[in-house]
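Student: Fold the following, please.
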Amino acid sequence: MSYDPNPHYPVVDGEVAVGYGSLADDIVRDGNRTLAIDGPATLSWDRFLAGLVQELARRNVTAELVDARRFLAPWDEIKQRTATSMLTGDPVFGRIFDGDLAELFDELPRLESDTRVVLVFGPGSAFVEHDLLWYADLPKQLSLTTVRRREAGNLGQPAGQAGTEQRLLFVDWPVLDKHKQELLPRLDRYVDLSELETPRSLVGDALRRTLHDLAGSPFRTRPTFLPGPWGGQWLRDTLGISTDAPNLAWSYELITPESGILLGTDELIEVGFELLMAAEGDRVLGSELAKRFGVSFPIRFDYLDTFGGGHLSIQCHPSEEYMRETFGLPYTQHETYYVVDTTPGAEIFLGLREDVDLEAFRVEAERAEDPGLELEPERYLQTQPAVQHRLYLIPAGTAHASGAGNVVLEISATPYLYTLRFYDWLRRDLDGQLRPVHLAHAFSNLDPSRSGESVRRELVPEPKPIRQGADWCELELGRLPDLFFAVHRLDFEEAVEDDTEGRFHVLNLVAGEQIEIESEAGAVHGLSYAETIVVPASVGGYRLRRVQGGPCKVIKAFVP
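Tutor: Residues are numbered from 1 along each chain as shown. Below is the predicted model of the structure:
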């Protein structure tokens, strides 16, 4: 057993339906009805409806189509109603829109039709009185791709206009995710349109039962692999990830806003992780943490691969106050780097030099942005040797970057959109455009106290034993008051026992070939090298057992 890029779980009391035929059968089964098909703005609604209407025609059913998007407020009005999310003069970042989808609509009409079947479709269709409710969805990565390719517009934008990634991330996703989560308890069917020609769907009751079952045992989300200008070859060469891209820079192993969960056996359907959190947040996080974080899963895992690649950009993340006041999020992106693999001489940029001249740093960074003069980050930042299986702590405001020749498991708080770059080596992205830096934000958040000898002492700590047995031990890899989460490691020869104690764990096998995770209830889940898995709070006691390979090391992240 090796790294599985498509982990999937069986459907409870149901099965995944494939194709437009099963969707048409569902519509006509009970006679006259109004069906609301809600979903994101980035979906190819015309192509989806064409396939569905064709199948209805084969059953001698004529459907009246009602586009709910035409009842949205005018585009200029929508921009005005969401104006607080667009930061003046900022082409990259925004403030998370915290409003509801209903705020972007004018009054919806009541439908009166003699037609046997009425299909109301598009974002906000659920606001129209209906007999059946579906949600047609598109995985986040595909949604982002359509906007980047200028193939789709933003929520409320006139047809034919290209949307922006900025608006998609900071307005559309937040408002539509909230809307989708609110609809989950009454959905009659969920439709995955990853493959538009062969939609896959699941009835609402089976979806809800499956999510409930999933929250009672360990599970993995589907990783997303992305190329980048500094990307490397480890994910491809070591984990066997297939790609046509020149490299792979990231693997998003676990991140609430984008992760999906695959359900089914032979035929698979992808469901957004945010639906599991909406349905079963208390059982996944634990009741105490659910009160604190709501439907947000607060920890993310991702790989940064620079094997055969380049240095990451020199960057930092917003302070707690800046994140709340400027970007509208309740907690910020504190990070850690765990070095899974490295090469001789590789380094981690971390913290400022003792003698740093911050004004000179700012001036050189501005000159690097325009007119494009090279900057030597080592004049201002410290470098630390990249040591395999060492954890590097990166509280918000700390200047940092992973150097070339590393594979870093980034364990951090979930807000992931606000990477504030000081310098990016004058690189261009894969489309040939000069990558932007964010000097005003970055220097506003740079923490000058993360400098000098304290960096090595506080941010590159020695592991500390927490508990141990004859052939196992649990180590605390590093802890700071700033970081609300903890990172431990379980080292064992054969087996070790643990307990969630009412709070979720996230695990990753960073050494060893294969283990099994067995809960007290008897659920067993395999975990291969480099895979990430969530152990929900509801699991309670569990046991890790070596199945194949040598001694094991398992990273464990949690909120104390």
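Student: which residues of the protein fall in helices?
Tutor: 20-28, 45-58, 75-81, 140-148, 165-167, 173-183, 204-214, 234-237, 273-285, 287-293, 320-322, 358-369, 439-445, 453-454 (DSSP state H).
Student: any idea how far Phe273 is from Thr238?
Tutor: Separation of Phe273 from Thr238 (Cβ to Cβ, to the nearest Å): 25 Å. Quick note: C-beta positions are derived from backbone N, CA and C, even for glycine.
Student: If you count surrounding residues, which of the two has more?
Tutor: Using other Cβ atoms under 10 Å, the more surrounded residue of Phe273 and Thr238 is Phe273, with 23 against 17.
Student: what's around the residue nearest to that one when sequence neighbours are not counted, how many residues?
Tutor: Leaving aside its chain neighbours, Phe273 sits nearest to Ser259 (4.1 Å; criterion: Cβ to Cβ, 6 or more residues apart in numbering). Applying other Cβ under 10 Å, we find 26 residues neighbouring Ser259.
Student: Check Arg457 too.
Tutor: 10.
Student: what's the answer for the one 10 residues further on, then?
Tutor: Other residues within reach of Arg467 by the criterion other Cβ under 10 Å amount to 12.
Student: do Asp90 as well
Tutor: Number of residues near Asp90 (other Cβ under 10 Å) recorded here: 14.
Student: what's the spacing between the residue nearest to Ala523 when sequence neighbours are not counted and Thr383?
Tutor: Nearest residue to Ala523, sequence neighbours excluded (Cβ to Cβ, 6+ apart): Ser217, at 3.8 Å. To Thr383, Ser217 is 43 Å away according to Cβ to Cβ.
Student: And these two? Which one has more around it.
Tutor: Remark: of Ser217 and Thr383, Ser217 carries more neighbours, 21 against 16, as counted by other Cβ under 10 Å.
Student: thinking that one is in contact with Gly522, fair?
Tutor: No - judged on Cβ atoms under 8 Å, Ser217 makes no contact with Gly522 at a distance of 9.3 Å.
Student: about what we covered before: for the residue nearest to Phe273, which residues are in contact?
Tutor: Ser259 makes contacts with 221-222, 224, 252, 272-273, as judged by Cβ atoms under 8 Å, 6 or more residues apart in numbering.
Student: Need those residues in CSV (columns: distance to Thr210 and pLDDT).
Tutor: CSV is the format used below for the contacts of Ser259 (distance: Cβ to Cβ, whole Å; pLDDT from 0 to 100):
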residue, distance to Thr210, pLDDT
Thr221, 14, 98
Arg222, 15, 97
Thr224, 21, 95
Tyr252, 23, 96
Gly272, 14, 95
Phe273, 13, 96
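Student: from those residues, which is closest to Gly99?
Tutor: Gly99 has its nearest neighbour among the contacts of Ser259 in Gly272, at 20.1 Å by Cβ to Cβ.
Student: For the closest one, name its beta-bridge partners.
Tutor: Gly260 (DSSP bridges).
Student: Spit out the contact partners of it.
Tutor: 137, 139-140, 177, 180, 259-261.
Student: now, which of these sits nearest Leu285?
Tutor: Of the contacts of Gly272, the one sitting nearest to Leu285 (Cβ to Cβ) turns out to be Ser259, at 15.0 Å.
Student: what phi and what psi does the backbone show at the closest one?
Tutor: Main-chain dihedrals, Ser259, degrees, to the nearest 10: phi -70, psi 150.
Student: For stretch 301-318, output the C-alpha coordinates as CSV.
Tutor: Taking C-alpha atoms only, stretch 301-318 is exported to CSV below (Å, rounded to 0.1, in the frame of the first residue of the first chain):
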residue,chain,number,x,y,z
PHE,A,301,-1.8,20.5,6.6
ASP,A,302,0.0,21.0,3.2
TYR,A,303,3.3,20.1,1.6
LEU,A,304,5.7,22.6,0.2
ASP,A,305,8.0,20.9,-2.3
THR,A,306,11.2,22.6,-3.3
PHE,A,307,13.2,19.4,-4.2
GLY,A,308,14.9,20.5,-7.4
GLY,A,309,13.0,23.8,-7.2
GLY,A,310,13.7,27.2,-5.7
HIS,A,311,13.3,29.2,-2.5
LEU,A,312,9.8,30.2,-1.5
SER,A,313,9.0,33.9,-1.4
ILE,A,314,10.2,35.9,1.7
GLN,A,315,6.9,36.4,3.5
CYS,A,316,5.0,36.8,6.7
HIS,A,317,1.4,36.6,7.9
PRO,A,318,-0.9,39.1,9.5
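Student: Tabulate the contacts of Gly272 (JSON lines), appending distance to Val118 and pLDDT.
Tutor: As requested, those are arranged in JSON lines below (distance: Cβ to Cβ, whole Å; pLDDT from 0 to 100):
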{"residue": "Asp137", "distance to Val118": "21", "pLDDT": "97"}
{"residue": "Pro139", "distance to Val118": "28", "pLDDT": "94"}
{"residue": "Lys140", "distance to Val118": "30", "pLDDT": "93"}
{"residue": "Asp177", "distance to Val118": "27", "pLDDT": "96"}
{"residue": "Lys180", "distance to Val118": "22", "pLDDT": "97"}
{"residue": "Ser259", "distance to Val118": "35", "pLDDT": "94"}
{"residue": "Gly260", "distance to Val118": "31", "pLDDT": "96"}
{"residue": "Ile261", "distance to Val118": "32", "pLDDT": "98"}
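Student: and which of those is nearest to Gly94?
Tutor: Lowest distance from Gly94 to the contacts of Gly272 (Cβ to Cβ) belongs to Asp177, with 15.2 Å.
Student: I figured the closest one hits Pro257, correct?
Tutor: Yes - the criterion here is Cβ under 8 Å, and Asp177 meets it with Pro257 at 7.5 Å.
Student: which residues are common contacts for the two?
Tutor: What both Asp177 and Pro257 touch, as defined by Cβ under 8 Å, 6+ apart, is the set Glu274.
Student: any idea how far the residue nearest to Ala523 is from Pro465?
Tutor: For Ser217, the distance to Pro465 - Cβ to Cβ - is 29 Å.
Student: How about Gln233?
Tutor: Gln233 is 36 Å from Pro465, by Cβ to Cβ.
Student: Please identify which of these two sits among more neighbours.
Tutor: Neighbours were counted for Gln233 and for Pro465 using other Cβ under 10 Å; Gln233 has more, 15 against 10.
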